[in-house]
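Colleague: need a 3D model of the following:
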Amino acid sequence: MNETLRLAEVLISKASVTPDDAGCQGLLADELQPLGFVCERIMAGPTDAQVTNLWAKYTAPTLQNGDLAPLLVFAGHTDVVPTGPREAWASDPFTPTHRDGHLYGRGASDMKTSLAAMVVAIREFRVAQPAAPLSIAMLITSDEEGPAKDGTALVCKKLVERGEQLNYCIVGEPTSVKQTGDMIKNGRRGSMSGRLVVKGIQGHIAYPHMARNPIHEAAPALAALAAMEWDQGSAFFPPTSWQISNIHGGTGASNVIPGEVVIDFNFRFCTESTPESLQARVEAVLQQHGLTYDLTWSISGLPFLTETGTLVEAVQAAIRSETGIETELSTSGGTSDGRFIAQICPQVIELGPTNATIHKINECVPLADIAPLKNIYKRVMALLAGV
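Modeller: Numbering: from 1, shown residues only. A predicted model of the protein is given here:
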């Protein structure tokens, strides 16, 4: 058994259902401290649902010209989603199991294999290149699968307050499709939700002239918003989309015109639009249709993009050397903690194993992909350090 597989299995065996870390980060810290890492545990959140964060950093010697060595951060999460009905699994979700050339267990793909690969890659790199001009850190949370308020976002704020300078970041999210390394994420769309409450006048359905139906009044505005082109996207992003997720109106009685209707909607937006521009355009449509309304907004993540440069090129070269694959750059999928890190780090990419089974019953990762992932992470460090 290779060391990455061994460590991945130990992590999978810990039932770290969000926000419970279940001791995973302590295990990672024990692996990193002998390599010169200073490990800091950052607790946050309510006592009945406490979040555990780990900031572990090795600082390389100052360069000959007096500059600090660049800092590469490996980021990820130890929390996993609930298993669902355990009897539906072919084997216990927290008992790592080999079957049909795969490693099964909750978190095998999302993302305990990545964490194991990162730690073993760091160890091998530090042993082989103890004087390499590259500082290395790990930013790990148990709040990625949950509300994501007391995890990476909180740690990033603390790093800014301390004046930490991050140069590169690799997030270990499962990004690959058929084989580890065939796709990396060099950006993600932003996510912004809105709750629109359109006000009318409740009344008897037989006397519509004595009431005002907010559903009828809202419908033309909603149709206009659904038909609107928000932007044309870019070379890296599809066009921004607007989708209604919920509509609630009525008292439950068939003879009552409701007094209000509540519409929940969401933007998945690219770097061609801003939250402010999208909000202003929505407000303009609502006002054009003469609606009486309340509208509240929440932004769960801003879009980010890392264009071809030092980090992307190093990752592409590492994947090519290890697997022979010419990786695909993508910004598809939902949000990740990369959205927080990108606010304080100029170059962020996501690279991990295949994602076909994430959050599913019988989550798994190909055994043959585990060692290559570790080797890719190790090659990236060597390329960034120039050794």
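Colleague: low-confidence regions, the chain specifically.
Modeller: 1 (pLDDT under 70).
Colleague: quick one: the helices in it?
Modeller: When assigned using DSSP state H, the helices of the chain occupy the ranges 3-12, 24-32, 113-128, 152-162, 214-227, 275-288, 310-323, 338-341, 370-385.
Colleague: distance to Arg106 added to those helices, as JSON lines?
Modeller: C-betas here are computed from N, CA, C, even on glycine. Putting the helices of the chain into JSON lines (distance: least, CB to CB, whole Å) gives the following:
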{"stretch": "helix 3-12", "distance to Arg106": "7"}
{"stretch": "helix 24-32", "distance to Arg106": "12"}
{"stretch": "helix 113-128", "distance to Arg106": "12"}
{"stretch": "helix 152-162", "distance to Arg106": "21"}
{"stretch": "helix 214-227", "distance to Arg106": "38"}
{"stretch": "helix 275-288", "distance to Arg106": "35"}
{"stretch": "helix 310-323", "distance to Arg106": "26"}
{"stretch": "helix 338-341", "distance to Arg106": "22"}
{"stretch": "helix 370-385", "distance to Arg106": "17"}
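Colleague: and of those helices, who's closest to Ser298?
Modeller: helix 275-288 (10.2 Å; CB to CB).
Colleague: tilt between the closest one and helix 214-227?
Modeller: 140 degrees (axes from the mean of the first three to the mean of the last three CA atoms, to 10 degrees).
Colleague: Ala131 contacts Pro61, correct?
Modeller: Yes. With contact defined as CB atoms under 8 Å, Ala131 reaches Pro61; the gap is 7.2 Å.
Colleague: picking that back up, for the helices of the chain, which one sits closest to Thr240?
Modeller: Across the helices of the chain, closest to Thr240 is helix 275-288 (CB to CB), at 7.2 Å.
Colleague: how about the residue nearest to Pro220 when sequence neighbours are not counted, what does it touch?
Modeller: Closest residue in space to Pro220, ignoring its immediate chain neighbours: His289 at 5.8 Å, by CB to CB, 6 or more residues apart in numbering. Neighbour list for His289: Glu217, Pro220, Ala221, Ala224 [criterion: CB atoms under 8 Å, 6 or more residues apart in numbering].
Colleague: one more time with 10 Å, if that's ok
Modeller: Contacts of His289 were listed using CB atoms under 10 Å, 6 or more residues apart in numbering, and they are Val198, Glu217, Ala218, Ala219, Pro220, Ala221, Leu222, Ala223, Ala224, Leu225.
Colleague: outline the domain layout of the protein.
Modeller: As recorded under automatic domain parsing, the domains making up the chain are 3-188+303-385, 190-301.
Colleague: tell me the most buried of those domains?
Modeller: Burial of the domains of the chain is given as mean neighbour count (mean count of other CB atoms under 10 Å); domain 3-188+303-385 ranks first at a mean of 20.
Colleague: what's the spacing between the residue most central in space within the chain and Gln232?
Modeller: Closest residue to the average C-alpha location of the chain: Ser336 at 1.1 Å, with CA atoms, centre = their mean. Noted for Ser336: a distance of 25 Å to Gln232, by CB to CB, to the nearest Å.
Colleague: kindly report the same for Gln129.
Modeller: Gln129 sits at a distance of 45 Å from Gln232 (criterion: CB to CB).
Colleague: same deal with His289?
Modeller: Distance, His289 to Gln232, by CB to CB: 25 Å.
Colleague: kindly report the same for Lys360.
Modeller: As judged by CB to CB, Lys360 and Gln232 stand 34 Å apart.
Colleague: next: Ala211.
Modeller: 42 Å.
Colleague: same check, this time on Thr323
Modeller: 34 Å.
Colleague: next: Gln287.
Modeller: 25 Å.
Colleague: what of Thr78?
Modeller: The gap separating Thr78 from Gln232 is 39 Å, by CB to CB.
Colleague: what of Ala132?
Modeller: 44 Å.
Colleague: Glu145 too?
Modeller: As judged by CB to CB, Glu145 and Gln232 stand 33 Å apart.
Colleague: and which of the contacts of His289 is nearest to Gln179?
Modeller: Leu225 (40.5 Å).
Colleague: okay but the closest one is in contact with Phe265, surely?
Modeller: Yes. Between Leu225 and Phe265 there is a contact under CB atoms under 10 Å: 7.8 Å.
Colleague: so what sits against both of the two?
Modeller: The contact lists of Leu225 and Phe265 share Leu196, Trp242, Gln243, Ile244, Val282, where a contact means CB under 10 Å, 6+ apart.
Colleague: just put those in TSV and tack on distance to Gly23.
Modeller: TSV is the format used below for the shared contacts of Leu225 and Phe265 (distance: CB to CB, whole Å):
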residue	distance to Gly23
Leu196	44
Trp242	43
Gln243	40
Ile244	42
Val282	46
